[in-house]
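Engineer: With the input below, show me the fold.
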Amino acid sequence: MKNKWNVTIDGNQHEIIYTSGFIKGKRTVDGVGTIVQNTNWFMRLFDEAFEVDGKTLHLTAIGNKVDLAVDGIYMNSQKPYVPFKTVPSWINILSGALLLSGMATGGLIGLLIGVIFGILLITQSVSPKRDNPKPICIGLAAVALILQIMFLFLTFNLSR
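Structural biologist: This next block holds a predicted model:
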């Protein structure tokens, strides 16, 4: 996937391109490429600041949503830029536990439930709208575990 923006700074036109890769992405500014590191184990998540002609720009991504903030405004969504919080380590552990419990309880469908809810946990934990993500994240993890256990019992009942 490739995202491209044309930005004018002090009358100079600059082309900024983000190309996603399997593990790492690449930011290209006026033909010069730089590797972009994810800050999460399970999904694309970064908020990278860089300078072009003395102006600080922010390239951000949550999952497949990639955007560039110039002068405090995102280029694609036209919303104000809000810095991402870092993902708490307990969210990474909880997301990994949901993946493992999904594999243990329900095979492929349980794993899919773990992946979906793990991504939801991560996105809710970095959301600038939440000061305290713990209640919603614990609730999402509980729902995921209940769904995984229900799927496990369903597969046992169908196999009889």
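Engineer: Can you get me a residue count around V70?
Structural biologist: 19 (other C-beta atoms under 10 Å). C-beta here means a position set from N, CA and C on the backbone, and glycine is covered the same way.
Engineer: where does it fall, phi/psi-wise?
Structural biologist: phi -130, psi 130 (degrees, to the nearest 10).
Engineer: Just the pLDDT at it, thanks.
Structural biologist: V70 is assigned 91 on the pLDDT scale.
Engineer: Can you name the residues that contact it?
Structural biologist: 7, 55, 57 (C-beta atoms under 8 Å, 6 or more residues apart in numbering).
Engineer: any low-confidence regions in the protein?
Structural biologist: Scanning the chain with the threshold set as pLDDT under 70 gives 1, 106, 159-160.
Engineer: Would you point out which residue is most central in it?
Structural biologist: I62 (3.0 Å; C-alpha atoms, centre = their mean).
Engineer: Select from the contacts of V70 every entry located in strands.
Structural biologist: 7, 55, 57 (DSSP state E).
Engineer: my read: the second one touches T8, true?
Structural biologist: No - judged on C-beta atoms under 8 Å, K55 makes no contact with T8 at a distance of 10.5 Å.
Engineer: and the two? which has more neighbours close in?
Structural biologist: K55 (13 against 10).
Engineer: Next one: the more buried one from P83, what distance?
Structural biologist: 17 Å (C-beta to C-beta, to the nearest Å).
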